[in-house]
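S.K.: Got a predicted structure plus its sequence, pasted below:
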Amino acid sequence: MRIQTILNRVEKFKSFVYGQARLEEHDAGPALVVQVLARKNGRPFCSGCGRPAPAYDRLDERHFEFVPLWGLVVYLAYRMRRVDCRRCGVTVEMVPWGDGKNQLTTSDRWFLATWARRLSWSEVAALFRTSWDSVFRAVGHAVAWGLAHRDLSGVTALGIDEVAWSRGHRYLTLVYDIGGGTRRLLAVAEERTEASLRSCLEGLGETACKGVRYVCSDMWKPYLNVIAEHLGQAVHVLDRFHVMQKFGKALDEIRAEEVKRLKRDGYEPVLKRSRWCFRKRPEHLTEKQTVKLSELLKYNLRTVRAYLLREDFQRLWEYKSAAWAGKFLDEWTGRVMRSRLEPMKKVARTIRSHRPLILNWFRARGAISSGAVEGLNNKVKLVTRKSYGFRSPQVAKLALLHNLGRLPEPKRTHRFC
Ligand SMILES: [Zn+2]
């Protein structure tokens, strides 16, 4: 069977035919170069306006990277025609396998982008003997296409979150769709300012924002401001994940301070290696941590008292009605304010001042899934870790949208992977 027959089966171009195929030895290894020829009396099209125009001359042969095969880099080689267009003047013709200026064919870009969801970009580049830059551009193309063609009509609930994407507290603002069955990342912006969130919401467009009935966020002031301003019609909920996050820091502080105090006063270092015993939910502890925790709970330690207060607070989420949840909240914060555990009192004060938004959680029940923001947050961390060493926020944004955006792809007659 001829290589041209296979190519015609997987990727046939109207008005063009496959010519000679040759194997070339390049420095990086062997490459299969397949010539492409314009059909006789096939008229070229102007790349400026897309209309047919008379041929003017031919440029030197150019290589377009095609989907690799058998460990070979594959190129389509073609001498592009220039056309003399009545509207645009002398321009290069339009070709169906790519956008002309791009060295990668469209099929190759989708091929690389698909792999870039499964492997790190450098792995994809190494595996298919292309450059990191090509993979980056392939992903950029896939994301741009997906964003332009996605459907935002059914978005009813948004989750707003922030994530540190590199060392040194550099943040990204993330907006998720947490309403229906499909949970996806909708928008990403640098930093976590009012402008970051505003640019995310503006990117979604006014129509999509108007359809939002619930919005979940943490207590970050700039977000609260923008939500009030742009999503005024939606019920604003402070979700469980973000509320419980506040306790982690308080527990750490109390524990660290107590470890120091015990040491100073010459006590046994009972709290050593106990951080995760207190931080994790009891059901997520390992067997060893469970034993350690039950030991520690026998001591009258400040850390233990703070821990028990947090565990008690978890009961809040089991309430069915906002009124009863409110009663519990007031009783609990009152207790904490008498506890002399300063970091916990700080949490209680924050909770008190956001009381209405926390109670909205009970009004939104059923419309948003409780674990959605947390689940997506974990996935974001996985992606950032896999592609550790993002070179720029632009790269981080692309990688996140590509992996978590559930972006659509064009329908193709042949799937290369
Ligand atoms: Zn033209």
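M.R.: Ah, there it is.

S.K.: Could you check the pLDDT of the closest residue to the ion within the stretch 251-400 of the chain?
M.R.: Per C-beta to the ion, residue 398 is where the stretch 251-400 of the chain lies closest to the ion, at 31.9 Å. All C-beta spots, glycine's among them, are computed from the backbone N, C-alpha and C. Residue 398 carries a pLDDT score of 93 in this model.

S.K.: and it, that's in a strand?
M.R.: No - counting by DSSP: H, G, I helix; E, B strand; the rest coil, residue 398 falls outside a strand, being helix.

S.K.: tell me the contacts of it?
M.R.: Listed by C-beta atoms under 8 Å, 6 or more residues apart in numbering, the contact set of residue 398 reads 136, 139-140, 143.

S.K.: Out of those, which is nearest to the ion?
M.R.: Comparing the contacts of residue 398 against the ion with C-beta to the ion places residue 140 closest, at 26.4 Å.

S.K.: what sits against that closest one?
M.R.: Residues near residue 140 by C-beta under 8 Å, 6+ apart: residue 398.

S.K.: Any idea how far whichever strand or helix holds it is from the middle of the chain?
M.R.: Counting by DSSP states H and E, the element that carries residue 140 is helix 132-149. The chain centroid and the centroid of helix 132-149 are separated by 14 Å under C-alpha atoms, centre = their mean, to the nearest Å.

S.K.: pretty sure residue 316 is touching residue 330, no?
M.R.: No - Residue 316 lies out of contact with residue 330 (C-beta atoms under 8 Å); the separation is 11.2 Å.

S.K.: ok, these two, which is more surrounded?
M.R.: Neighbour totals were compared for residue 316 and residue 330, and residue 316 leads with 21 against 12 (other C-beta atoms under 10 Å).

S.K.: per-residue pLDDT, that one?
M.R.: Listed pLDDT for residue 316 reads 93.

S.K.: Next, find the distance separating it from residue 152.
M.R.: Distance, residue 316 to residue 152, by C-beta to C-beta, to the nearest Å: 33 Å.

S.K.: got it, and residue 55?
M.R.: Counting by C-beta to C-beta, the gap from residue 55 to residue 152 is 43 Å.

S.K.: what's the spacing between the residue of the stretch 101-250 of the chain found nearest the ion and residue 56?
M.R.: Relative to the ion, the nearest point of the stretch 101-250 of the chain is residue 101 (15.7 Å; C-beta to the ion). Separation of residue 101 from residue 56 (C-beta to C-beta) stands at 18 Å.

S.K.: Between the two, which is the more surrounded one?
M.R.: Of the pair residue 101 and residue 56, residue 56 is the one with more neighbours under other C-beta under 10 Å, namely 16 against 7.

S.K.: A strand includes that one, no?
M.R.: Yes - under three-state DSSP, residue 56 sits within a strand.

S.K.: Name all residues that make contact with it.
M.R.: Going by C-beta under 8 Å, 6+ apart, residue 56 touches 81-84, 90.

S.K.: In those residues, which residue is surrounded by the most others?
M.R.: Going by other C-beta under 10 Å, residue 83 tops these with 26 neighbours.

S.K.: What distance do you get for it to the ion?
M.R.: Shown here: residue 83 relative to the ion, a distance of 7 Å by C-beta to the ion, to the nearest Å.

S.K.: Mind listing the residues bridging to that residue?
M.R.: residue 55, residue 91 (DSSP bridges).

S.K.: Up against the ion, what does this protein have?
M.R.: Residues of the chain lying near the ion by C-beta under 5 Å from the ion: 46, 48-49, 85, 87-88.

S.K.: for this protein, what spans make up the strands?
M.R.: Under the criterion DSSP state E, strands of the chain are mapped to 16-26, 29-38, 55-69, 72-85, 89-92, 157-166, 170-177, 184-190, 214-217, 235-238.

S.K.: For the third one, list the C-alpha coordinates in PDB.
M.R.: Read it as strand 55-69. Extracted C-alpha coordinates of strand 55-69, given in PDB (Å, rounded to 0.1, in the frame of the first residue of the first chain):
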ATOM      1  CA  ALA A  55      -2.000  32.700  -9.200                       C
ATOM      2  CA  TYR A  56       0.900  35.100  -9.300                       C
ATOM      3  CA  ASP A  57       4.000  33.000  -8.500                       C
ATOM      4  CA  ARG A  58       5.300  30.200  -6.300                       C
ATOM      5  CA  LEU A  59       7.400  30.400  -3.100                       C
ATOM      6  CA  ASP A  60      10.200  28.000  -2.100                       C
ATOM      7  CA  GLU A  61       9.100  24.700  -0.600                       C
ATOM      8  CA  ARG A  62       8.000  24.900   3.000                       C
ATOM      9  CA  HIS A  63       7.700  22.100   5.600                       C
ATOM     10  CA  PHE A  64       4.600  21.800   7.700                       C
ATOM     11  CA  GLU A  65       4.800  19.500  10.700                       C
ATOM     12  CA  PHE A  66       2.100  16.800  10.500                       C
ATOM     13  CA  VAL A  67       1.100  14.100  13.000                       C
ATOM     14  CA  PRO A  68       4.100  11.900  13.700                       C
ATOM     15  CA  LEU A  69       4.200   8.200  12.900                       C
END
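
S.K.: and it, how far from the chain's centre?
M.R.: Distance, centroid of strand 55-69 to centroid of chain: 35 Å (C-alpha atoms, centre = their mean).

S.K.: can you pull the buried residues of that strand?
M.R.: Neighbour-count burial for strand 55-69 flags 56, 64-68 (criterion: 16 or more other C-beta atoms under 10 Å).

S.K.: the inter-axis angle of that strand versus strand 29-38?
M.R.: With axes from the mean of the first three to the mean of the last three C-alpha atoms, to 10 degrees defining the directions, strand 55-69 sits at 140 degrees from strand 29-38.

S.K.: If you count neighbours, what's buried in the longest helix belonging to the chain?
M.R.: Using DSSP state H, we find that the single longest helix of the chain is helix 240-264. Under the neighbour-count criterion of 16+ other C-beta under 10 Å, helix 240-264 has 240-244, 246-247, 250-251, 253-255, 258-259, 262 buried.

S.K.: next one: stretch 301-319
M.R.: Those buried within stretch 301-319 under the rule 16+ other C-beta under 10 Å are 301-304, 306-307, 309-310, 313, 316, 319.

S.K.: Pull the residues that contact that stretch.
M.R.: Under the contact criterion C-beta under 8 Å, 6+ apart, stretch 301-319 has outside partners 240, 244, 247, 250-251, 254-255, 257-258, 270-271, 274, 278, 282, 296-297, 325, 328-329, 332, 335-336, 339, 341, 343-344, 361-362, 370.
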